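Student: Need the 3D shape of this:
(2 chains)
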Number of protein chains: 2
Amino acid sequence: MENFWKFSPGLVRKAITLGVILTLSKSAIAQSASRNTDSLFIRNIFTHALTQGKSYTWLEHLTKQIGHRLSGSASAAKAENWTFSVLDSLGLDQTMKLPCMVPHWVRGKAEKVKVLSKGGVKGFDLHALALGGSVATPKSGLQAEIVRVQQWEELDKLGEKGIKGKIVYYSRAMDQSKLRTFEAYGGAVDQRVFGASRAAKYGALGVIVRSVGTRIDDFPHTGTLRYDSAYALIPAAAISTRDAEKLNALLQQGHKLQVSMEMHCETLPDVPANSIIAEIKGSEFPNEVVLVGGHLDSWDVGEGAHDDGAGVVQSMEVLRILHQLGYKPRHTIRCVLFMNEENGGRGGASYYQYVREKKEFPLASIESDAGGFTPRGFTFEGDASVFGPFYEKVSSYQALLEPYGLKFSKGGSGADIGPLRPLKGLLVGYSPDSQRYFDLHHTAADVLETVNARELELGAASMAALVYLLDLYGL
Amino acid sequence: MENFWKFSPGLVRKAITLGVILTLSKSAIAQSASRNTDSLFIRNIFTHALTQGKSYTWLEHLTKQIGHRLSGSASAAKAENWTFSVLDSLGLDQTMKLPCMVPHWVRGKAEKVKVLSKGGVKGFDLHALALGGSVATPKSGLQAEIVRVQQWEELDKLGEKGIKGKIVYYSRAMDQSKLRTFEAYGGAVDQRVFGASRAAKYGALGVIVRSVGTRIDDFPHTGTLRYDSAYALIPAAAISTRDAEKLNALLQQGHKLQVSMEMHCETLPDVPANSIIAEIKGSEFPNEVVLVGGHLDSWDVGEGAHDDGAGVVQSMEVLRILHQLGYKPRHTIRCVLFMNEENGGRGGASYYQYVREKKEFPLASIESDAGGFTPRGFTFEGDASVFGPFYEKVSSYQALLEPYGLKFSKGGSGADIGPLRPLKGLLVGYSPDSQRYFDLHHTAADVLETVNARELELGAASMAALVYLLDLYGL
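Tutor: Okay, the predicted model is just below:
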């Protein structure tokens, strides 16, 4: 078909680096020659991904054969073993498991959350999911009037008098006017994370939270909560956006609403698990690492297709493509499939320890955890005082990625690579289009059928191209 | 919520134009002040579209209440009346119907295309759709051996000896290595458009064509064909990509395949129909028009959600938003919902006549006919010798749209505005992300559920912003 296999850009690059560039120093001729080589190699990466890419096939296996994979579950262990064996079969320099202990929360029997018939209100079921880490209700459930809270100040104003013995309903919606949905998520997710303990402080019996999602539909969005141990641990559930709109309408009509909650979730003792690591050793700087990663675990609904099956298979694919194209990196190129991003971050923490023990420098780390959507660019973490000099260098080759619709900007990187921050490497977030992500995030709707194969493969190619440039030119 | 209604950028603009700019001439201060005003107004357009946009609600009506709407059908007439009444209710300066005669092709009873049991082959049904405009088979159907053709040269090489009495199977797939799927479409759709007559030239009885689609699935993609009246009119159908792959595998194994086709389609006499036009009159140059449009008709399967329900509702929404925000245009801003883009282009042709008769200048025309996906930019038609000076002007305000992820590039515009070419206005294609379009294009899968509301509304906002800039700054 096309002769990628014969073209060894590693060799070409080496010839140019050692021959032309050393001879002519930084002349325009050398720069132009190497930029042409880069441009050709990047085009090969994209062609390979689009015509012979493995991301989608792998994601199909991960979602349909293994399914969702919450930390501590049997399917999470299956995902470890399967990704290990796939990576191990690629002929890379090393594949290994990096152990960590992970929380083991189980949902148990399906939750039931209902509005009860009372006054002029006819009862109905709410589409609900216990938040990850939530305690159960009493076995027989609990019932109480709900009190709506839109902003934190209202909660404090209501105080014990308004809250005690009730179920707090957090109703703040995502701000649809934000262009990037991640910004809107940031403006609403605090209710899910902190809502339970803040309500418990005033004696609430439980909380229900409007799902942090962009679409009005029947899919509740789960996600982690954080208890403050100073207060009682009370059960918390997300309800669908459509149900939240229904509650709002009824409350605005002046109805008092009685809600019942029945949840059977439980936190069991921590269990051993693993992140999966594979790498191509660097020929010049084996102890400096260009990392690409995603997280292996998911929530326990849907298939974790976009969150973060996409990041997992794309990270694997980056190494496969570069290896297949015969690229010999200067730095070590490593794929890390982190365990336990969703409810603990233990994989990220143990990876940080691993890097410190091996006294490595995490030159650049890229995380893909924003879905398998069409590529838009990369966001670079930190401010100029920390990462300033890196940006200048990195920006210099942004032009090579522009033909692929990729832009560089300041922004977050990823939860799993965040712990590397003190080591002062470059932290990068892969940034696909964000419009659809929060339709699906943490829901039963996050399934393979919502992933477009070309968009997914283009993401892998985009990351492979950036890894190539970072490896070649350093910081 | 936010006070869009009070902010009248038209007035602010006028004040700046008449006051500041005339006084200070083209000083840096004036330019910066007006760019700030532009930037604020454009942000208001986007906020309005994302929080109070009508595109999705309108598309829901068009797809679910009216459905697909092939030219000449009762539902196409419904779509005319409904869009007319919606536009008429917006308080614009004019809403009208522009008549044209359209082809009236009907599919009739569902087509049946089958591989027959013969030799070692077990028969099976092919997922097939008659191509638009195709003639029927004999009532009892036809049966023949198929002969596979990948490139036109093979057809000519086979000649009458290899083709006569057979069914030609055109099997060329889209080239997945192309970044923009429209390019790949261009490289395969010739089989669908010209295949029947070229095969008839050598005595073929019928043709089947691999669907021009990006995904391997069971949805056949219909679309128009063109008969050359020098040859017999033979029936032509598209088969799904998955079925095409099956046929390829069997043929590669050396099997001779017998296929039966039964199609009942028919071309009835032309019928009257209408394009729908609405406009806000220009205060300074009422006879110069900034057009935004899409096409009202669709194929007769699915719901025509992306093709081109999206373009229809977005074009309507551009006028609604600008009107709602109190914008008073210098040039006439016009929404045109063209009839009969898919199989005749009669709406585009009659609109060209209308413009000529009214002696208008089509200053700039933007067509949205590439789906309701996330916005990526605009493509500008023609080369520097024709449109050169326009580009310079237009490029000067590209920076105002960059925060919205929009880029300007050279490229095609749209089939409906194409006839305006001789009048030398600017022709622009709205260019959303192209990765998913040819999964759905002309299939039963092109339904509302594949449209993301935010992506759709962002498209309308993008077009409204460009219309605003084109109106304000001209060419």
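
Student: From chain B, how far off is the closest residue to A:Tyr397 other than its chain neighbours?
Tutor: In space, and not counting its chain neighbours, A:Tyr397 is closest to A:Leu469: 5.0 Å by C-beta to C-beta, 6 or more residues apart in numbering or on different chains. No exception for glycine: its C-beta is placed from N, CA and C like everyone else's. The gap separating A:Leu469 from chain B is 18 Å, by C-beta to the nearest C-beta, to the nearest Å.

Student: Pull out the buried residues from the helix or strand containing A:Leu469.
Tutor: Counting by DSSP states H and E, the element that carries A:Leu469 is helix A:453-473. Residues of helix A:453-473 classed as buried: A:453-472 (neighbour count, 16 or more other C-beta atoms under 10 Å in any protein chain shown).

Student: Can you name the residues of chain A that neighbour chain B?
Tutor: Residues of chain A lying close to chain B (C-beta under 8 Å from any C-beta of the partner chain) are A:2, A:46-47, A:50-51, A:176-179, A:181, A:214-215, A:374, A:376, A:403-405, A:433, A:435-436, A:439, A:452-455, A:458.

Student: And the buried ones among the residues you listed, selectable in ChimeraX?
Tutor: The ChimeraX selection below is limited to those of the residues of chain A next to chain B classed as buried (16+ other C-beta under 10 Å):
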select /A:46,47,50,176,177,178,179,181,214,215,374,376,404,405,433,435,436,439,452,453,454,455,458
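
Student: related to what we said a few turns ago, CA atoms of the helix holding A:Leu469 as PDB?
Tutor: Output of helix A:453-473 as PDB, limited to C-alpha atoms (Å, rounded to 0.1, in the frame of the first residue of the first chain):
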ATOM      1  CA  ALA A 453     -13.300   6.000  14.900                       C
ATOM      2  CA  ARG A 454     -11.600   8.800  12.800                       C
ATOM      3  CA  GLU A 455     -11.800  11.300  15.600                       C
ATOM      4  CA  LEU A 456     -10.300   8.800  18.000                       C
ATOM      5  CA  GLU A 457      -7.500   7.800  15.700                       C
ATOM      6  CA  LEU A 458      -6.700  11.500  14.900                       C
ATOM      7  CA  GLY A 459      -6.300  12.000  18.600                       C
ATOM      8  CA  ALA A 460      -3.700   9.300  18.800                       C
ATOM      9  CA  ALA A 461      -1.900  10.700  15.800                       C
ATOM     10  CA  SER A 462      -1.900  14.200  17.300                       C
ATOM     11  CA  MET A 463      -0.300  13.000  20.500                       C
ATOM     12  CA  ALA A 464       2.200  10.800  18.600                       C
ATOM     13  CA  ALA A 465       3.200  13.900  16.600                       C
ATOM     14  CA  LEU A 466       3.700  16.000  19.700                       C
ATOM     15  CA  VAL A 467       5.700  13.200  21.400                       C
ATOM     16  CA  TYR A 468       7.900  13.000  18.400                       C
ATOM     17  CA  LEU A 469       8.600  16.800  18.400                       C
ATOM     18  CA  LEU A 470       9.200  16.900  22.200                       C
ATOM     19  CA  ASP A 471      11.600  14.000  22.000                       C
ATOM     20  CA  LEU A 472      13.400  15.400  19.000                       C
ATOM     21  CA  TYR A 473      13.800  19.000  20.200                       C
END
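
Student: what about that helix, average pLDDT?
Tutor: Across helix A:453-473, the average pLDDT comes to 97.

Student: Same check on stretch A:293-306?
Tutor: Here the average pLDDT along stretch A:293-306 is 98.

Student: so how far is A:Leu319 from the residue nearest to A:Tyr397?
Tutor: In this view, A:Leu469 and A:Leu319 are 16 Å apart by C-beta to C-beta, to the nearest Å.

Student: for A:Ser134, same thing?
Tutor: Plainly put, A:Ser134 is 37 Å away from A:Leu319 if you go by C-beta to C-beta.

Student: These two - which one has more neighbours?
Tutor: With neighbours defined as other C-beta atoms under 10 Å in any protein chain shown, A:Ser134 and A:Leu319 compare such that A:Ser134 has more, 28 against 25.

Student: Quick one, grab the pLDDT at the nearest residue to A:Ser434 once chain neighbours are set aside.
Tutor: Once flanking residues are discounted, A:Ser434 sits nearest to A:Thr181: 4.5 Å by C-beta to C-beta, 6+ apart. Note for A:Thr181: predicted pLDDT of 97.

Student: Contact partners for A:Thr181?
Tutor: A:174, A:214, A:434-435, A:437-438, B:454 (C-beta atoms under 8 Å, 6 or more residues apart in numbering or on different chains).

Student: between those, which is closest to B:Gly186?
Tutor: Of all the contacts of A:Thr181, B:Gly186 sits closest to A:Gln435, with 26.9 Å by C-beta to C-beta.

Student: Might one say that that closest one is in contact with B:Glu457?
Tutor: No. Shown here, A:Gln435 and B:Glu457 do not form a contact pair, counting by C-beta atoms under 8 Å, at 9.7 Å.

Student: how distant is stretch A:432-439 from the center of its chain?
Tutor: 12 Å (C-alpha atoms, centre = their mean, to the nearest Å).

Student: Now the stretch 1-150 of chain A against chain B: closest residue?
Tutor: The stretch 1-150 of chain A approaches chain B most closely through A:Thr47 (4.4 Å), counting by C-beta to the nearest C-beta.

Student: related to what we said a few turns ago, isn't the residue nearest to A:Tyr397 right next to A:Gln398, touching?
Tutor: No. Judged on C-beta under 8 Å, A:Leu469 makes no contact with A:Gln398 at a distance of 9.2 Å.
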